[in-house]
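**Q** Have a look; sequence and predicted model below, questions after that.
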Amino acid sequence: MNKISHTLIVLVSSLTFIMCNANNKENRKGEQASKENKEIIERQALLSRLKTKADTAKAFCKQKGLNTEYCFLVDFSIHSGKNRFFVWDFAKDTIKYESLCCHGYGMKSTQAKPVFSNVEGSYCSSLGKYKMGVRSYSQWGINVHYKMHGFDKTNNNAFKRWVVLHSHNPIPNHEIYPSHLPLGWSQGCPVINNEIMRKVDTLLKNAKKTILLWVYI
């Protein structure tokens, strides 16, 4: 009788263990599926916001005689641990390249929240539309930078502030969310990773018309 009871206890325990494992696996699968669905929804929302901005950018490019193949969009409302520099392909209506992007560290900017200024010596990022300028040597990243000329009252000091597009070696080529990019890697310049800077450099060198870069929140 004791042997039978012991055997039954072992069987019940084993079945309970198997069922618990099966339930845990199902829960993990459910959690993974939920995470993947959330990422898909977030990606679709990002693309929708970028397309809205890109449509406005394209109209502006046509008006100003700028490049209507590509534009650069920098959305500083996005967490700095996520990609927020985008090369938008007008013909395909989608992202061609994307990168993490530093904002300026000046005037009490934090990792989470940039402060914007157009003042010389502020070391802040500036909102607004820019046209990309000449290619020059940089001591940072892939040793290339591009001048930037602001169209707006919020960024028309960009050229004399030495606000340029360049890369920096420590910037990862993947998202680091929920971590932020460190402050101190930008004095107001949009600073991206080396891999994307090489692709952007090729695109800019081959562009037949000046490309628009738009920084916004």
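**A** Good, I have the coordinates.
**Q** make it CA atoms for all contacts and neighbour counts henceforth
**A** OK.
**Q** With adjacent residues omitted, what lies nearest to Ser62?
**A** In this structure residue 62 is Lys, not Ser. Among residues not flanking Lys62 along the chain, Thr68 sits closest, at 6.9 Å (CA to CA, 6 or more residues apart in numbering).
**Q** how close does that neighbour sit to Asp55?
**A** In this view, Thr68 and Asp55 are 11 Å apart by CA to CA, to the nearest Å.
**Q** next structured bit after the helix or strand containing Asn23?
**A** Using DSSP states H and E, Asn23 sits within helix 2-64. Next in sequence after helix 2-64, counting helices and strands by DSSP H and E, comes strand 70-75.
**Q** Report all helices and strands that that following strand contacts.
**A** When contacts are defined as 3 or more CA pairs under 8 Å, 6 or more residues apart in numbering; DSSP states H and E, strand 70-75 sits against helix 2-64, strand 85-89, strand 212-216.
**Q** buried residues in stretch 180-200?
**A** Applying a neighbour-count criterion of 16 or more other CA atoms under 10 Å, one finds 180-183, 185-198, 200 buried in stretch 180-200.
**Q** And stretch 106-126, by the same measure?
**A** For stretch 106-126, the neighbour count (16+ other CA under 10 Å) marks 106, 109, 111-112, 114-119, 122-126 as buried.
**Q** Need the max-distance pair from the residues you listed.
**A** Ala112 and Val119 (21.3 Å; CA to CA).
**Q** What residues does Gln139 make contact with?
**A** Listed by CA atoms under 8 Å, 6 or more residues apart in numbering, Gln139 has no contact partners.
**Q** And it, what's its pLDDT?
**A** As predicted, Gln139 sits at a pLDDT of 97.
**Q** Also the one 5 residues further on?
**A** Here the pLDDT value assigned to Val144 is 98.
**Q** And for the one 5 residues further on?
**A** The score at His149 is 98. That number is its pLDDT.
**Q** before we move on, what about Met1?
**A** We have a pLDDT of 52 for Met1.
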